Structures are given as C-alpha cells and as structure tokens.
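Q: here you go, sequence then predicted model.
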Protein chains: 2
Amino acid sequence: MFIEIEANSSVPIYLQLVQQIIEGLAKGSLKPGDSLPSVRAFAADLGMNMHTVNKAYHYLEEKEFIRIVQKKGVVIHAKGIREASAADRNRLKQELRPIVAEALCLQMSQEEIKLLVKEIITDLKEKSL
Amino acid sequence: MFIEIEANSSVPIYLQLVQQIIEGLAKGSLKPGDSLPSVRAFAADLGMNMHTVNKAYHYLEEKEFIRIVQKKGVVIHAKGIREASAADRNRLKQELRPIVAEALCLQMSQEEIKLLVKEIITDLKEKSL
DNA sequence: AGTTTTGTTATACATATAATAGAACAGGTT
DNA sequence: AACCTGTTCTATTATATGTATAACAAAACT
C-alpha cells in the first residue's frame, strides 16, 4: 500500500486516506483478512495525527470495509466484502449524479462519460501490477 | 426551475443550489441566455441568506456556467456552454474515481456502474418534461 | 510477571468553512 | 426620485478539520 497525501488538497486528509484504502481494496493490493497498521504507526508513517487516522478507520468501519478489533488492531473485513445493496446502489447514484450532470453540461455524451468510467477502472487495476 | 434544499444534508446548501442549477442546465430547463433570480429574491424564495446564494453564483461563475453582470443580474452563459477541455475531463475523472472505486469494492461490475450512469442520465432528462 | 502495543477517551487548541445578519455603496432600471 | 442590482464590510454562531497531550484498559509479546 503506497499512500500519498496531498496537504494542499480541498479534500480532507482523513478522506484522502479513506479513498486510497478503498482504492487499494478495489485494485486488490488489499485483500480480505489483511491487517492495517496501528493508528500510531500509520500516523507516524504518513506524517499526520493519530486521531486523523482513527477518524479514517471509523469512517471505513461504518462502510463495513474494515473491522476494528479492540486492543488488537484493524483488519480488512474477512468474510468477504458484501455485495452492493439497493441502498448502496442508490447512494452511489446520488454521489455520481452531480458529476454526471456537470459532464452533460460540458457537452459530453453518455458514451464519453462511460468511457471515463472505463478509463478509471483500467487505471485502478493496472496499478496493482 | 424547482429547487429543493435539504437543510439536514451533509452537502452545504450553497453546493446543493449549485448542483441543482447545473442539473437544470443539463436537463434543458435552463437555457443559454436565461436569467436567474437576484441574490435577494432567490434567497427569500429558498429561505436562505443572500450571501449564500451569492456564494453559489460565484462558484458557478468560476465554472463558467453563468455570467454575473454588475448592477444588472445573472444570466446563463449566452455564447453556449463550452465543450469539456482536457482539464475538465481530467477533473471529472478525479471526482468520479473514489465513487467508482467504492462501487468496485461492493462487487459491482464495469457494466453495472455504466448502467448507473445511464440511469442517472435518464432520470435527469425525464424530469424536463 | 512485566513491558509494549492496541484502540479508546478526554481535554484543549487552532484554523477553516458554512451560514446568517444587517448595513452601506455605486451603478443601472423604471 | 424610487427601486433593484451585485458588492463590500463587519460581526456572530456553529460545525468540521487537524493537531497535541495524556491517561486508560485489555491484548500481545518477551
């Protein structure tokens, strides 16, 4: 897992961490059962505060991507990541909506937007090599 | 233009306003040259502060979707919305990326994600009737 | 048994963003 | 002349973000 945090991003660094861990899961560099660094070790490694890492971990736990075991550590959900529920699907749709709308405003076609999606998936998977 | 603002959303209300204006543009209920309400009138209509509407307007002006004419008012960019530049395309890609990654984690396929995009576009366009 | 490591909790502080409020200004419209 | 426009200014409140220490209890390691 190579994590790169941009300090000057408008995206909060705890969310950047969340997103990059999710990307690690998507590309397969993180697998079910894998353990993640302790909040202190990760914080020192990334040059951020322990509480910031903790915030990211709890965010990921709420999404059921990781399991936080008291006094032990943090692991990727072992029983396999669940399939998208109807609620997940709807939430993702709501998140995609404003971006798709903006793309349409910039005169992109449905096919061009789908191509973006394809490119993103390619990018995500090729980095796992 | 029917605007609905959710007070309890985690999305700031000035951004909700931005997004719904962009959706109006995407679906065609707002056309190039159309004028938007004054900051005071819109604020009163939506039950929010003048400065909040102003913030949304300036956000949209930076994106070049509207033109703010001093002492006159606000209009949708008349010379037609520009086509997506390479920079726009890249920015949209970066915004889509974390959502697509999460969808992949929830075991959605590329086709399922593309279907989401299709549904969103259908939703956007059917509301223009 | 003792030390280290784990996530947790509590307090405190600094900064930025979001949102509201009221007032005043200058230029355009009616 | 009255009104409406976006702008600017000052102020206040609330929330989000991020850091900094410190202490706690239980698991793990030696």
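A: The structure has been received and is ready for your questions.
Q: now for the longest helix seen in chain A, which elements pack on it?
A: Identified as the longest helix of chain A according to DSSP state H is helix A:86-105. Helices and strands touching helix A:86-105, by 3 or more C-beta pairs under 8 Å, 6 or more residues apart in numbering or on different chains; DSSP states H and E, are helix A:110-126, helix B:13-27, helix B:86-105, helix B:110-126. From N, CA and C alone the C-beta is placed, and that goes for glycine too.
Q: quick one: low-confidence parts of chain A?
A: A:78-80, A:127-129 (pLDDT under 70).
Q: near DNA strand C, which residues of it are found?
A: By C-beta under 7 Å from any atom of the strand, the part of chain A that sits against DNA strand C consists of A:10, A:37-41, A:50-51, A:54, A:57-58, A:68-74.
Q: follow-up on the earlier one: let me have the helices and strands packed on helix A:86-105 in a markdown table, extended by mean neighbour count.
A: Below are the helices and strands packed on helix A:86-105 laid out as a markdown table (neighbours: other C-beta atoms under 10 Å in any protein chain shown):
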| stretch | mean neighbour count |
| --- | --- |
| helix A:110-126 | 16 |
| helix B:13-27 | 21 |
| helix B:86-105 | 19 |
| helix B:110-126 | 16 |
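Q: out of those helices, flag the one nearest A:A26.
A: The closest of the helices and strands packed on helix A:86-105 to A:A26 is helix B:86-105. By C-beta to C-beta, the value is 4.1 Å.
Q: mind exporting the C-alpha coordinates of the closest one to PDB?
A: The C-alpha coordinates for helix B:86-105 follow below in PDB (Å, rounded to 0.1, in the frame of the first residue of the first chain):
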ATOM      1  CA  ALA B  86      -8.800  18.100 -21.300                       C
ATOM      2  CA  ALA B  87      -8.500  19.700 -17.900                       C
ATOM      3  CA  ASP B  88     -12.300  19.400 -17.400                       C
ATOM      4  CA  ARG B  89     -12.200  15.800 -18.400                       C
ATOM      5  CA  ASN B  90      -9.400  15.100 -16.000                       C
ATOM      6  CA  ARG B  91     -11.100  16.900 -13.100                       C
ATOM      7  CA  LEU B  92     -14.300  15.000 -13.700                       C
ATOM      8  CA  LYS B  93     -12.300  11.800 -13.700                       C
ATOM      9  CA  GLN B  94     -10.700  12.600 -10.400                       C
ATOM     10  CA  GLU B  95     -14.100  13.300  -8.900                       C
ATOM     11  CA  LEU B  96     -15.600  10.000 -10.300                       C
ATOM     12  CA  ARG B  97     -12.600   7.900  -9.200                       C
ATOM     13  CA  PRO B  98     -13.400   7.400  -5.500                       C
ATOM     14  CA  ILE B  99     -17.000   6.600  -6.200                       C
ATOM     15  CA  VAL B 100     -16.100   4.100  -8.900                       C
ATOM     16  CA  ALA B 101     -13.500   2.500  -6.600                       C
ATOM     17  CA  GLU B 102     -16.200   2.100  -3.900                       C
ATOM     18  CA  ALA B 103     -18.600   0.500  -6.400                       C
ATOM     19  CA  LEU B 104     -15.900  -2.000  -7.400                       C
ATOM     20  CA  CYS B 105     -15.300  -2.800  -3.700                       C
END
